[in-house]
Each structure stands twice: as structure tokens, then as C-alpha cells.
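Enquirer: Just to be clear, the model below is a prediction. Sequence and coordinates:
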Amino acid sequence: MSLVGNWSYPTNIKFGAGRIKELPEACAALGMKKPLLVTDRGLADLPITKETLNILDAAGLGRGLFSNVDPNPNETNLDAGVAAYKAGGHDGVIAFGGGSGLDLGKMVAFMAGQTRPVWDFEDIGDWWTRAEADAIAPIVAVPTTAGTGSEVGRASVITNSETHAKKIIFHPKVLPGVVICDPELTVGMPQFITAGTGLDAFAHCVEAFSSPHYHPMSQGIALEGMRLVKEYLPRAYADGSDIEARAQMMSAAAMGATAFMKGLGAIHAMSHPIGAVFNTHHGTTNAVCMPAVLEFNAPAIADRFNSAAAYLGISGGFDGFRAFVQDFNDSLGIPRKLGDLGVTQNAIPELVKGAIIDPSCGGNPVKLTEDNLSTLFQAAL
Ligand SMILES: [Fe+2]
């Protein structure tokens, strides 16, 4: 089977190995003549980034680059990015990278034409309607990891550097107009990033599938997304140059983010404050939290995971699925406890305070309280 396709759901996606060459056409489709490529510091000097800038330059689109982006991007990175966008006279953004580059790139395009502070657009109620929608610059997204799925998302996570809180900033027009999913860009990912990002995609699918909200389309996407991660993440982890496995993981990542329109849950509610306070890797943190959350949610999700386990070829229903998750983590080098990531006992009250106000709480199938979140953090520690 040829793993190439042009998809228009949930946005325009050009999928297939080598398709980064089509970046100039993607920019043209959105009317960009002078795009700003936004990525993180770590990626800025890598060959995939330089080659991408060469493709743009050769097409007369310049080689505008902003890479002053932290692993957990914050409002300072955003202000600097918007300043670079305006100073360079750019007319669109290429959000390039893993979660950090994609999220910050999307926000530079969003904030370039706004007058209110970014925190006024947090994903609460209809706050997004405060934005000047016509002033949002066009966005092409190019993922270089397979996990976040931010390339097909309508939100970005920005850390408030003063409060250490991770805030979700939402607007429908933050959904990139064109996405180029080229699995060749992920070939150089180090093994632990392959594992952590792949397990972020898995957590998106598991939490969307667990969410009680009615959204059968997302439910189906979440289930197939889990299957792709189960089949192909071990292959991508064992051999980073396995392009079929890299392609299937890139699909699973986009599927996870499409599925979680149905909701996320306790895994992400815990992971967001942990990442904000301890700067841990997001997907790895999710993976460490997942066994405790599955046990906690068991009364509400066991039935549906009995069916999922059958589809995934896992015997033993929900209990078999839980055992699989722990074995899967172990096989991918994921630590068993949050303590192994540097999380400390005395931080639990602060983490609970961050978790209980995280929008992900709303999708958890068991109602989250400060008490049960404290117990969950303790169990995962
Ligand atoms: Fe995530």
C-alpha cells in the first residue's frame, strides 16, 4: 500500500514521504509571499530545517526564521515571535516542528493582528469570540514529530512564565489551512522522543475514547489511532528509519488530535501542571500517568475498553488492556513513576491546584476533585 494521500479532513493535509518539496505550493494556496518559519531552538540548526529554508528560498519565498522558542513555549517567546513577524513584513507563518514549534507558530499567526493580551483568549466559554478573526495570518503546519497532532488542532498550549500555568489558547481559525505530513522529517528523532511523542498520540486516543461526551466520529478515530500506535510505535522505536512505521505514526498523531475534540481527561490534567512546574517531556509524562488513571477510571470505562481490547487483539478485556499499557511503557523505556521524572512529594498540592483548573478535566469519565486528584498524583508518584 502506498502511504500517500491528499485529505481535506479535518483540514487540507498533504500526506506522504518527500512532500516537504510541496511547501511553496502550500504557501501559495494560502496567499503567502513572505512566510516566517517558526520552530524551536533545537531544530533550527538541523538539516531538515535548513533544507526546508532552501526549498522556500529557491521558490522566491525568502528564508525568514524565528526559533527563539522554549520546549514549553511561553508568552515571552510569543511576544518575540510576533515582533519578528512584524519587523520582517511577513504575510503568513510556517509552523514547523514538534509541539513547541507548531504551537508557538500558530500563536504568532494568531496574535500578529490582535490588540488584547494572549491570556484573554484562553479556552474558556466563548472567549475566542473576543479575537479579531480577520486579522489572523494564514498558517501552514509541518510536523517533525509524531505525537502532538497540533498540526490539525485549533488551539495552542502556552505556559505563563510567571505563574507556571499552562494555558490552552483556542480559536477556530488557528487550525492550519494546509498541513504537510512528510514522515521523512521524523526519521532523525532520537529514540526517547520517538517513544514520548508516540505515547502522547496514544494518550490522546485513550482519553478521547474514554471521554463520556457523544461524538461517534471521534470514537472511531480514537480506536484506529490506538491500533496504529500499538502496531507501529515499537517498529519506529526499534528502527527510526522504518519509513512505513514513521508514516503510520504520523497518521496516528493527527488522528489523536482529531479525536480529542471529544475531550481529554485526567492524564492531560495531571501532565500539564507537571510539565509547567518540572519541565518534563509532555508525552513521557502522560505515559507515566496513564496506568494510574486507567485504574481510577475503571468503573466508567471498563465496558468500552472490553470492546477496544478485542479490536486491538489484546486478550483479557479491560484488565488485559491495562496490563498491555504497562508492558508497552516498559518496552519503550518509559519510567514507572513520576518520581523518576523529578516530581517531588511536596509539589503535589501545587500540582493539584493546576490540575483542577485544567480544561482537560471536563472530559474525564469520573468527576475530578482536589481530593481524588491528590490521590492520583500520589499513586503515580
Ligand atoms: Fe498531549
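Expert: Happy to help now that I have it. Here the structure is a predicted model, which is why all the values come from computation and not from measurement.
Enquirer: can we go C-alpha only for contacts and neighbour counts from here?
Expert: OK.
Enquirer: In the chain, what residue spans correspond to helices?
Expert: For the chain, the helices defined by DSSP state H cover 23-29, 41-44, 47-58, 75-87, 99-111, 191-210, 216-238, 243-259, 266-278, 282-312, 317-331, 348-356, 370-380.
Enquirer: Distance of His281 relative to Asp340?
Expert: Per C-alpha to C-alpha, to the nearest Å, His281 is found 12 Å from Asp340.
Enquirer: between these two, which one's more packed in?
Expert: Of the pair His281 and Asp340, His281 is the one with more neighbours under other C-alpha atoms under 10 Å, namely 19 against 12.
Enquirer: can you pull the contacts of the closest residue to the more buried one other than its chain neighbours?
Expert: In space, and not counting its chain neighbours, His281 is closest to Gly275: 6.7 Å by C-alpha to C-alpha, 6 or more residues apart in numbering. Residues in contact with Gly275, defined by C-alpha atoms under 8 Å, 6 or more residues apart in numbering, are 72, 281-282, 285.
Enquirer: How about Asn364?
Expert: Under the criterion of C-alpha under 8 Å, 6+ apart, the contact list for Asn364 reads 207, 210-212, 263-266.
Enquirer: try Leu102
Expert: If you count contacts by C-alpha under 8 Å, 6+ apart, Leu102 has them with 38-39, 95-96, 141-143, 150-151.
Enquirer: Kindly report the same for Leu185.
Expert: Applying C-alpha under 8 Å, 6+ apart to Leu185 gives the contacts 48, 143-145.
Enquirer: Which of these fall in strands?
Expert: Using DSSP state E, the subset of the contacts of Leu185 located in strands is Pro143.
Enquirer: The contacts of Leu185 into TSV, with extra columns for distance to Arg322 and neighbour count?
Expert: Below are the contacts of Leu185 laid out as TSV (distance: C-alpha to C-alpha, whole Å; neighbours: other C-alpha atoms under 10 Å):
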residue	distance to Arg322	neighbour count
Ile48	38	17
Pro143	30	28
Thr144	30	26
Thr145	26	27
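Enquirer: and which of the contacts of Leu185 is nearest Ile301?
Expert: Using C-alpha to C-alpha, Thr145 comes nearest to Ile301 of these, at 29.6 Å.
Enquirer: Can you tell me how far the closest one is from His272?
Expert: Thr145 is 19 Å from His272, where distance means C-alpha to C-alpha.
Enquirer: And for Ala112?
Expert: Taking C-alpha to C-alpha, one finds Ala112 at 26 Å from His272.
Enquirer: Mind splitting this protein into its structural domains?
Expert: Listed domain ranges for the chain are 5-185, 190-380 (source: automatic domain parsing).
Enquirer: can you list those domains in a markdown table and add mean pLDDT?
Expert: Converted to a markdown table, the domains of the chain look like this (pLDDT from 0 to 100):
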| stretch | mean pLDDT |
| --- | --- |
| domain 5-185 | 96 |
| domain 190-380 | 97 |
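Enquirer: Name all residues that make contact with the residue positioned nearest the centre of the chain.
Expert: Computing the C-alpha centroid of the chain and ranking residues by C-alpha atoms, centre = their mean puts Thr148 first, at 1.9 Å. Applying C-alpha under 8 Å, 6+ apart to Thr148 gives the contacts 98-99, 197, 200-201, 253-254, 257.
Enquirer: of the residues you listed, closest to Asn372?
Expert: Distance ranking of the contacts of Thr148 against Asn372, using C-alpha to C-alpha, places Asp200 first at 23.0 Å.
Enquirer: Quick check: closest non-adjacent residue to the closest one.
Expert: Spatial nearest neighbour of Asp200, excluding adjacent residues (C-alpha to C-alpha, 6+ apart): Gly283 at 4.1 Å.
Enquirer: How about Glu151?
Expert: Ala141 (5.4 Å).
Enquirer: Closest one of the contacts of Gly275 to Gly177?
Expert: Once C-alpha to C-alpha is applied, the member of the contacts of Gly275 that ends up nearest Gly177 is Asn72, at 24.0 Å.
Enquirer: residues touching the closest one, list them.
Expert: Asn72 touches 100, 158-159, 275-276, 279, counting by C-alpha under 8 Å, 6+ apart.
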